[in-house]
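> sequence plus predicted model, see below.
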Amino acid sequence: MSKMLALVVRTDNTTERLEVAESELSKSVSNAVGGLFTHVTIHEALDFWCNDNGFAENLPINKVATELYANLGGRTPIVGDVVFTGGTNAGGYTLPLDANFAKALEVAAQLAKQLGK
């Protein structure tokens, strides 16, 4: 069973790389975001998963995910911890996160942490 790369970006700007079996993706995402989740496509090669009840649960804003989403035209703040994966294939299956995207997201989170954002 092959594993796919995913990246958790937390609201405190820390990150964690996950190696997830495709069959375990839903469980891993749910654990990472703290419950029910929603899937958002932000680029053909980049998706994220966030807590579906984040506003009701009064979760803090995820500044890295919110900034990225806003730069791509999104207007809603993203709250709670977020899991980034690759896009989806023609069959609708989630693809692994590209290692270069993972590194860029890790750098963005480190910068946000250093700048106190």
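That came through fine.
> alpha carbons only for contacts and neighbour counts from here, please
Will do.
> hey, where'd the strands end up in the protein?
Counting by DSSP state E, the chain has these strands, from start to end: 3-9, 15-21, 37-43, 46-51, 82-85.
> for the chain, which helix is longest?
helix 99-114 (DSSP state H).
> sorry, back to before: can you say which of the strands of the chain is packed in most?
Highest mean neighbour count of those: strand 82-85, a mean of 27 (counted as mean count of other C-alpha atoms under 10 Å).
> got a list of contacts for stretch 76-88?
Applying C-alpha atoms under 8 Å, 6 or more residues apart in numbering, the contact partners of stretch 76-88 are 5-11, 29, 32-34, 41, 43-51, 54-55, 59-63, 65-66, 70, 94-98.
> please repeat the previous calculation with a cut-off of 6 Å.
6-11, 33, 44-50, 54, 59-62, 66, 94-97 (C-alpha atoms under 6 Å, 6 or more residues apart in numbering).
> avg pLDDT for it?
Stretch 76-88 comes out with an average pLDDT of 95.
> need the distance between the two termini of that stretch.
Terminal residues of stretch 76-88 lie 22 Å apart, using C-alpha to C-alpha, to the nearest Å.
> quick one: closest of the strands of the chain to residue 74.
strand 37-43 (8.6 Å; C-alpha to C-alpha).
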